[in-house]
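Chemist: following is a predicted model, sequence given first.
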Amino acid sequence: MRKTRAAARRDPEPSAGIIDAQPVRCRPQAGRRGVEAGQKTHGRKRHVRVDTMGLLLVVWITTGDIQDRDGAQTLLQHAQRRFPRLSWFWADGGDAGQWVDGVKQTLCWTLQIIKRTDNAKGFVVLPRRWVVERSLAWLTRSRRLSRDSEGRGQTSATWCYIASIRLMLRRLNPISDPL
């Protein structure tokens, strides 16, 4: 990731990011699952944190019945250990709540909730949020990640990192893409 950021003339260590959660359907053989309340999806959730370029920083896999804000708390703890320079991030309305103030006090991070306006109809591009949505779309283009069939959540997270590595390698050398 650091080489990809440096090639784009960015600081190798990210200082800002965007978080989101994506429900993913699971096959019946795929270990622990739950029902995601919003979309009625029976499966798991991918909680991801990407940098401002859309590169995957951290992914955390939970059962589908975990709220976005609960998964985001664990995700942020992992991100804090791996990327100490991070200090700013954006999230959607599903991550709003009392824990936002706790993040500001305990982690000394700035968190901005980006909400959709009430009068908006259909698809609306939200500032900074489109980056994480695009990254999730890139991940689901990988056949192995379109539906979760792994027995363990950690295996599913590993496949997310592998797909992300492929995307970063393509940015570094676009001609050598084997597919």
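Modeler: Okay, I see it.

Chemist: C-alpha only now, for contacts and for neighbours.
Modeler: Noted.

Chemist: surely residue 84 is in a helix?
Modeler: No: applying DSSP: H, G, I helix; E, B strand; the rest coil, one finds residue 84 to be coil, outside a helix.

Chemist: roughly how far apart are it and residue 13?
Modeler: 9 Å (Cα to Cα, to the nearest Å).

Chemist: so how far is the host helix or strand of residue 73 off the chain centroid?
Modeler: Secondary-structure assignment from DSSP states H and E places residue 73 in helix 68-82. Distance of helix 68-82 from its chain centroid, counting by Cα atoms, centre = their mean, to the nearest Å, is 10 Å.

Chemist: next, the buried residues of that helix.
Modeler: 68, 69, 71, 72, 73, 75, 76, 79 (16 or more other Cα atoms under 10 Å).

Chemist: okay, the fifth one: pLDDT?
Modeler: For residue 73, the pLDDT comes out at 72.

Chemist: could you do the second one as well?
Modeler: In the prediction, the pLDDT value recorded for residue 69 is 71.

Chemist: next, the most centrally placed residue in the chain: phi, psi?
Modeler: Nearest residue to the geometric centre of the chain (Cα atoms, centre = their mean): residue 48, 1.8 Å. Main-chain torsions, residue 48, degrees, to the nearest 10: phi -120, psi 150.

Chemist: quick check: which element contains residue 24?
Modeler: According to DSSP H and E, residue 24 maps onto strand 16-25.

Chemist: ignore what I typed, I meant residue 131.
Modeler: Counting by DSSP H and E, residue 131 is found in helix 129-140.

Chemist: what does residue 162 give?
Modeler: Going by DSSP H and E, residue 162 is in helix 153-172.

Chemist: so which other helices or strands are in contact with that helix?
Modeler: Judged by 3 or more Cα pairs under 8 Å, 6 or more residues apart in numbering; DSSP states H and E, helix 153-172 is in contact with helix 2-7, strand 56-63, helix 129-140, helix 143-146.

Chemist: any weak-confidence spans in this protein?
Modeler: Flagging of the chain using pLDDT under 70 yields the residue ranges 28-39, 93-102, 105-106, 176-179.

Chemist: ok, and the closest non-adjacent residue to residue 86?
Modeler: residue 15 (4.0 Å; Cα to Cα, 6 or more residues apart in numbering).
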